[in-house]
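> no sequence for this one, just the structure:
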């Protein structure tokens, strides 16, 4: 049950965006550019980073919804999402993605825990400035989104099917959209 | 020394905003609405929450710059900023602000650490939904900004005078602005 009286029946962070549209607008825009904008990382890789960070922060709503979006992007290889997030098995990933996920986990713990050694290891397997920038900002942004959702106890559906629909919508349309009532 | 090659000499988070303007734009907009937009909290109170969270996260750049902005807003009462942030003495604050700072600290630790009891105590001394919403989102947003700055080791000036100028500019002009080179 949310800690404040929301103004719409929308679940999760969308209910918070609609409670205060002035902050909802830049937050949706940020999520969209980070996860659907131009990047050297695929949309699936970026959703995987978002999901892993959300799982680390114990945010059920963000983990379930972004895992569903990541599975859509990975298509035939969708099992990699559950392997990485829920079974801690990153063996299907490239060395680069494994190190970017390590950087994301350091950012999750705290910005100062990212070490020069770890960044150097990522560069040795092909990480560019933009790989490092986008990984750090996605991880940092989900440390915000997760706290916003759980700090206000946003509505978190229990029904797995709802997350599959959300994931389809997130993977297809992205984040900087108005969702009509019928599709919530 | 930053972990990526920045594209401008701007210090702190501004150098990161300019490295990737597509994400910089919504991030600046978010900061401006949170700290300068309409709210039941004064600008000084909001900067104080931002400073306390940044200090808790060990982010020197954000702590020094937002403390400077908060002191400008508090004017004659500016000593309250150093008392709260650096000496852990909140005795000059109202019971409401003390509890909102407790909520912010819980959000900083993790969204799920905000308890129903703490929110109820804040409501007993006058917290409205918007007080609670704005406190949670400011704390959550600085958990992002702090990690973005420290995860990429943004340029952190050692000279106290630079932060005083930043604080003046932040308190006067806010965040959703282009800063000309000369004023950086």
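Happy to help now that I have it. Since we're looking at a predicted model, the values are computed, not measured. Numbering: from 1, shown residues only, chains lettered A, B, ... in the order given.

> Without its sequence neighbours, what residue ends up closest to residue A:77?
Leaving aside its chain neighbours, residue A:77 sits nearest to residue A:92 (7.3 Å; criterion: CB to CB, 6 or more residues apart in numbering or on different chains). Quick note: C-beta positions are derived from backbone N, CA and C, even for glycine.

> how deep is the one you found tucked in, by neighbour count?
14 (other CB atoms under 10 Å in any protein chain shown).

> swap in residue A:176?
17.

> Tell me which residues touch it, please.
Contacts for residue A:176 (CB atoms under 8 Å, 6 or more residues apart in numbering or on different chains) come out as A:28, A:29, A:31, A:32.

> out of everything not next to it in sequence, what's closest to it?
Nearest to residue A:176 is residue A:32, by CB to CB, 6+ apart, at 3.7 Å.

> Equivalent analysis for residue A:45, please.
Closest to residue A:45 by CB to CB, 6+ apart is residue A:97, at 6.0 Å.

> What's the separation between that neighbour and chain B?
18 Å (CB to the nearest CB, to the nearest Å).

> what's in contact with the host helix or strand of that residue?
In this assignment (DSSP states H and E), residue A:97 forms part of helix A:95-109. Contacting residues not belonging to helix A:95-109 are listed as A:41, A:45, A:48-49, A:52-53, A:56-57, A:84, A:90, A:93, A:113-115, A:118-119, A:121-122, A:125-127, A:131-132, A:135-136, A:138-140, A:142-143, B:147, B:151 [CB under 8 Å, 6+ apart].

> just to revisit the earlier point, take the contacts of residue A:176 and write them to a markdown table, including secondary structure and distance to residue B:162.
Output for the contacts of residue A:176, formatted as a markdown table (DSSP: H, G, I helix; E, B strand; the rest coil; distance: CB to CB, whole Å):
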| residue | secondary structure | distance to residue B:162 |
| --- | --- | --- |
| A:28 | helix | 34 |
| A:29 | helix | 30 |
| A:31 | helix | 32 |
| A:32 | helix | 34 |
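
> Return the per-residue confidence for the most centrally placed residue in chain A.
The residue lying closest to the centre of chain A (CA atoms, centre = their mean) is residue A:50, at 2.6 Å. Note on residue A:50: pLDDT of 98.

> Kindly report the same for the one 10 residues further on.
Residue A:60 carries a pLDDT value of 98.

> show me what contacts it?
residue A:156.

> burial measure for the residue nearest to the residue nearest to the centre of chain A when sequence neighbours are not counted, as a count.
Excluding the flanking residues, the one nearest residue A:50 by CB to CB, 6+ apart is residue A:66, at 4.6 Å. Using other CB under 10 Å, residue A:66 is surrounded by 32 other residues.

> got a list of what residue A:66 touches?
A:47, A:50, A:51, A:54, A:167, A:170.

> Run the contact check for the top helix by length along chain A versus chain B.
With secondary structure taken from DSSP state H, chain A has its longest helix at helix A:129-151. Yes. For helix A:129-151, a contact with chain B is found by CB under 8 Å from any CB of the partner chain, at A:129, A:132-133, A:136-137, A:139-141, A:143-151.

> Neighbours of the closest residue to residue A:160 other than its chain neighbours, how many?
Excluding the flanking residues, the one nearest residue A:160 by CB to CB, 6+ apart is residue A:64, at 7.6 Å. As a burial measure, residue A:64 scores 22 neighbours (other CB under 10 Å).
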